[in-house]
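> just coords:
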């Protein structure tokens, strides 16, 4: 197939087409045969298509038929003559009709781009929903989700102490579950949090859990677990598990000291309410209790606590 140069734009095109696909100039084969290089644009016999005007630029039709090669590729058809067009053609090579791409066909996004956009939009919606949910959710529901930080910020007055103490109990319960023979058997029965201002002016504290769980023999037993807060290291430490805290007999001084601390927590500290115990057990059953983070002890007012 021989190529000839268009005298208007200089683009090489097939001699078999009637119009330049780049600029729309109509071919006159007599002129082409005479000069051998192109079409004489000054030839008086060369007809000029009436419909090739700058303002006349109707778009091609878009027939979204699925081809065997690609389901995403839409055929581009000239509205005037029905000739199938190729990508990048500005004029129909058959009739010279100027082609105007519809906006939605100029830049058709690829599947990957569409998926990326949709994923980003969904992520934004989910994040926004989470923010709105936390903004309008009650303190109790935030605690039920284990979002104690948001619950604490939402609460005020004595309610902050309740959220703070529940957070401590949930956090040390997560620690206690990890030391059991059968973590899935954990059930929290009661919990106490006793905070006090130590000699350095920092908030120390005891946390006592009364739990039931299966022992190594498969029997369900009840125990007390003592946790103490190290204000210098800012961590909760396990100080042992005890079958009872009310006894006149002690194994040693450490046994006496730990049981005395637990009695202080029970007698002087905050005792969690039944609904708080249920929320912590719910977090344990769902596995979300491992995600609980301790609230910064410096964020709560020390007015709730006495010097100890």
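Alright, I've got the coordinates. What you are looking at is a predicted structure, and each value in this text was computed from that prediction instead of being measured.

> CA only for contacts and neighbour counts going forward, please
Will do.

> so where's this protein uncertain?
For the chain, the stretches with pLDDT under 70 are 1, 7, 15-18, 24-75, 88, 100-114, 126-136, 308.

> which parts of it are helices?
Listed in chain order, the helices of the chain (DSSP state H) span 29-35, 103-106, 111-136, 139-145, 148-154, 158-177, 253-268, 274-286.

> name the nearest residue to residue 238, ignoring sequence neighbours.
Leaving aside its sequence neighbours, residue 238 sits nearest to residue 227 (CA to CA, 6 or more residues apart in numbering; 4.6 Å).

> report the separation between residue 178 and residue 171.
Residue 178 sits 12 Å away from residue 171, going by CA to CA, to the nearest Å.

> sorry, back to before: please name the bridge partners of the residue nearest to residue 238.
Judged by DSSP bridges, the bridge partners of residue 227 are residue 207, residue 238.

> so it makes contact with residue 235?
No. Using CA atoms under 8 Å as the test, residue 227 is too far from residue 235 to be in contact (9.9 Å).

> these two - which one has more neighbours?
residue 227 (27 against 11; other CA atoms under 10 Å).

> list the contacts of the more buried one.
Residues in contact with residue 227 (CA atoms under 8 Å, 6 or more residues apart in numbering) are 172, 206-208, 236-240.

> state the distance from residue 290 to residue 4.
Taking CA to CA, one finds residue 290 at 76 Å from residue 4.

> correction: the previous question concerned residue 121.
Taking CA to CA, one finds residue 121 at 51 Å from residue 4.

> more neighbours, those two?
Between residue 121 and residue 4, counting by other CA under 10 Å, residue 4 is the more crowded of the two (17 against 12).

> sorry, back to before: so how far is residue 233 from the residue nearest to residue 238?
Residue 227 is 14 Å from residue 233, by CA to CA.

> more neighbours: which of residue 178 and residue 171?
A count of neighbours by other CA under 10 Å puts residue 171 above the other of residue 178 and residue 171, at 21 against 13.

> wait, that one sits on residue 295?
No. Using CA under 8 Å, residue 171 makes no contact with residue 295, being 9.5 Å away.

> got any residues that touch both of these two?
Joint contacts of residue 171 and residue 295 (CA under 8 Å, 6+ apart) do not exist.
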